[in-house]
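Undergrad: Return a 3D structure for these sequence lines:
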Amino acid sequence: MKFPSYQLTAHLDQTIPVVILIAGDEYLLVEETCQQVVAAATRQGYQRQQQFTLDRQFDWSFLLSELRTQSLFAEKHVLQLNLLQGKLKESDAAELLSYLSSPNPDRLLLIRSPKIESSQSRSKWIKQLDSVGWWVQVWPIDRPKFPQWIRQRLKQHHLSADSAAIQLLAERTEGNLLAAAQEIEKLALLFPHSQITTNQMMQAVGVSARYTPFDLVDTALNGEVAKVHTMLRGLLAEGVEPVLILWSLLKEVRALMPLSESIAKGNSLDAALKNGGVWKKREACYRAALKRHDVISLYALLAVGAGVDRCIKGVGSSNIEAELLQLALGIASEPSAPLVSMGKNEKVYW
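TA: Modelled structure (predicted):
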């Protein structure tokens, strides 16, 4: 049975199945969902928990022995298997499938995994798990829902705050749920059972914005020009390799090319997206980008990307940040956008 994590509480009132898969990419939410399952299992008589990680040195025989052992006193145990990636090797998938075909009713196998891609959801072990247990999908918090998540988190710690204070915390911990949770715990210590003012929030909360190259890509595709430079500078300051940022940006430019060519041949934007197999979650940012760019401007962006690649390899300009910014702003802007200043004696044109 597959369901989203917000439905888990209702399901935990039932008898816990022999296997539960918790899958998602947001560390804090996945961790707390696992803790919720273990707490419910304890209430239902499970007495012991062990954890295993499926890495290169993993020995299936040890886990399977623990899973299949029959307890003399009918003791129930929780065994947690942490997957490092959602796609398993054939041998690992076969071991899981074999166990799930005849699981031990006195054992709860709790599998923690990154997001399971749609292509993997059709694998045999996932289908077998779905038939004998639960697959709990943990989705990240969308940006518009982040302030509401903060409000609920504050309430759990017997705190409240006005909209301005909540918005401030959301801005300073942008996308970083773990950082937001830690800041709320700190607020609970500093101002127990209080209504947090904007000034108190400003004094207590640091800046903990977290960006990934994929966040930069989406921001550029959506045309959020003002934010692109901040995100790029943050990524480089965090030590993200320029080649990874370049690859992420050019990957999307290349993905836009056939869609733009389809539109140039007379197809509608809707038809181009549908025929191009664009995921629903990606449609909005692709639409925004394709309204700004045509085939010619996309080819120009590929040329800019080639220049960035040469720069990274030590040929030509040595200002990698300026070169990457030119590419990212090129994606985010109309092709005729005016120059953007990076600072003293540093200007980028698109």
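
Undergrad: I'd like to know which elements the longest helix along the chain is packed against.
TA: Longest among the helix segments of the chain by residue count, using DSSP state H, is helix 242-264. Applying 3 or more Cβ pairs under 8 Å, 6 or more residues apart in numbering; DSSP states H and E, one finds that helix 242-264 contacts helix 213-221, helix 225-237, helix 269-275, helix 280-292, helix 295-312, helix 320-332. Where C-beta positions appear, they are placed from N, C-alpha and C, glycine not excepted.

Undergrad: among the ones you listed, which is the most enclosed?
TA: Neighbour counts (mean count of other Cβ atoms under 10 Å) averaged over each of the helices and strands packed on helix 242-264 peak at helix 320-332, with a mean of 23.

Undergrad: Mind listing what's buried along the longest helix of the chain?
TA: Residues 242, 245-246, 248-250, 252-253, 256, 259-260, 262-263 are the ones in helix 242-264 that count as buried (16 or more other Cβ atoms under 10 Å).

Undergrad: Include distance to residue 119 when you put the helices and strands packed on helix 242-264 into CSV, please.
TA: Listed next are these as CSV, based on distance: least, Cβ to Cβ, whole Å:
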stretch, distance to residue 119
helix 213-221, 19
helix 225-237, 28
helix 269-275, 19
helix 280-292, 15
helix 295-312, 27
helix 320-332, 27
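
Undergrad: out of these, nearest to residue 115?
TA: Closest to residue 115 of those is helix 280-292 (Cβ to Cβ; 11.8 Å).

Undergrad: Packing partners of that closest one?
TA: Applying 3+ Cβ pairs under 8 Å, 6+ apart, one finds that helix 280-292 contacts helix 213-221, helix 242-264, helix 269-275.

Undergrad: Now tabulate the ones you listed in a markdown table and tack on mean pLDDT.
TA: Formatted as a markdown table, those follow (pLDDT from 0 to 100):
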| stretch | mean pLDDT |
| --- | --- |
| helix 213-221 | 91 |
| helix 242-264 | 92 |
| helix 269-275 | 90 |
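
Undergrad: Save these as a markdown table, and put in distance to residue 29 too.
TA: Formatted as a markdown table, the helices and strands packed on helix 280-292 follow (distance: least, Cβ to Cβ, whole Å):
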| stretch | distance to residue 29 |
| --- | --- |
| helix 213-221 | 17 |
| helix 242-264 | 24 |
| helix 269-275 | 29 |
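
Undergrad: right, so of the ones you listed, which gets closest to residue 191?
TA: Of all the helices and strands packed on helix 280-292, helix 213-221 sits nearest to residue 191, with 31.1 Å by Cβ to Cβ.

Undergrad: list the helices and strands the closest one packs on?
TA: Looks like helix 213-221 contacts helix 225-237, helix 242-264, helix 280-292, helix 320-332 (3+ Cβ pairs under 8 Å, 6+ apart).

Undergrad: Centre of the chain to that helix, how far?
TA: 13 Å (Cα atoms, centre = their mean, to the nearest Å).

Undergrad: now stretch 308-323
TA: 29 Å.

Undergrad: Can we start the residue count at 18 from this point?
TA: New numbering, starting at 18: the last item is stretch 325-340.

Undergrad: Quick check: closest non-adjacent residue to residue 218.
TA: Nearest non-adjacent residue to residue 218, counting by Cβ to Cβ, 6 or more residues apart in numbering: residue 182, 4.2 Å away.

Undergrad: From residue 198, how far off is the one you found?
TA: 16 Å (Cβ to Cβ, to the nearest Å).

Undergrad: between those two, who's got more neighbours?
TA: residue 182 (22 against 19; other Cβ atoms under 10 Å).

Undergrad: Tell me which residues touch the more buried one, please.
TA: 213, 214, 215, 217, 218 (Cβ atoms under 8 Å, 6 or more residues apart in numbering).
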